[in-house]
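Participant: Attaching a predicted model along with its sequence, questions to come.
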Amino acid sequence: MQHDEIIGKVQALTRLPDRGSAETATRAVLTTLAERLPSGLTNHVAAQLPPTLAAPMRQAGDAAPEAERFDLTTFAGRIAGRAETDEDAAVREAAAVMEVLDAALAPELTEKMVAALPRDIGGLLPAGRAGDSP
């Protein structure tokens with residue numbers, strides 16, 4: 001999936017007013033996700049993204065080579081700070097970016113992300129939500 005397609009889909013899902021806002025939200029989510037994932041997995045995810053979106057993931061992954069342990073509250077707080085929004089909007093934006101990631105990445109990579117994330121964050125991914133079904 002190309003950069004413009006990813007940003008366009010995020011903008012449509014979040015109903016953000018412009019592409020710049022969708023770009024900011026996408027980068028905030030990817031950066032925060034990279035802090036939470038193990039560095040090897042971060043690099044695999046980044047390798048399947050366009051270079052302009054892979055760069056923030058790699059940079060965050062390089063800055064924190066060990067996966068930080070935090071929950072959805074911290075995840076949303078970090079995204080909100082980076083995107084200059086509130087935590088409720090950050091969760092909606094994260095869910096949208098995760099949905100687009102699910103479509104952009106190889107299915108087995110999405111499954112590895114769900115397995116590496118705590119249930120509350122992994123549940124933002126469509127594959128994570130499916131795993132919660134009875």
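Facilitator: Happy to help now that I have it. Numbers count the residues shown, from 1 in each chain.
Participant: State the distance from the nearest residue to residue 105 once chain neighbours are set aside to residue 1.
Facilitator: Counting by Cβ to Cβ, 6 or more residues apart in numbering, residue 105 lies nearest to residue 48, which is 5.2 Å off, once chain neighbours are set aside. No exception for glycine: its C-beta is placed from N, CA and C like everyone else's. Distance of residue 48 to residue 1, given as Cβ to Cβ, to the nearest Å: 9 Å.
Participant: now do residue 117
Facilitator: Going from residue 117 to residue 1 by Cβ to Cβ gives 21 Å.
Participant: circling back to that earlier point, got the contact list for the residue nearest to residue 105?
Facilitator: Contact analysis of residue 48 by Cβ atoms under 8 Å, 6 or more residues apart in numbering lists 104, 105, 106, 109.
Participant: hey, C-alpha coordinates of stretch 94-109 in PDB?
Facilitator: These are the backbone C-alpha positions of stretch 94-109, laid out as PDB (Å, rounded to 0.1, in the frame of the first residue of the first chain):
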ATOM      1  CA  ALA A  94      -5.200   4.400  16.700                       C
ATOM      2  CA  ALA A  95      -8.000   2.000  15.800                       C
ATOM      3  CA  ALA A  96      -8.200   3.500  12.300                       C
ATOM      4  CA  VAL A  97      -4.400   3.300  11.700                       C
ATOM      5  CA  MET A  98      -4.400  -0.300  13.100                       C
ATOM      6  CA  GLU A  99      -7.300  -1.200  10.700                       C
ATOM      7  CA  VAL A 100      -5.300   0.300   7.700                       C
ATOM      8  CA  LEU A 101      -2.200  -1.500   9.000                       C
ATOM      9  CA  ASP A 102      -4.100  -4.800   9.100                       C
ATOM     10  CA  ALA A 103      -4.900  -4.300   5.400                       C
ATOM     11  CA  ALA A 104      -1.400  -3.200   4.500                       C
ATOM     12  CA  LEU A 105       0.600  -5.900   6.300                       C
ATOM     13  CA  ALA A 106       1.000  -9.600   5.600                       C
ATOM     14  CA  PRO A 107      -1.600 -11.400   7.800                       C
ATOM     15  CA  GLU A 108       1.100 -13.400   9.700                       C
ATOM     16  CA  LEU A 109       2.800 -10.100  10.600                       C
END
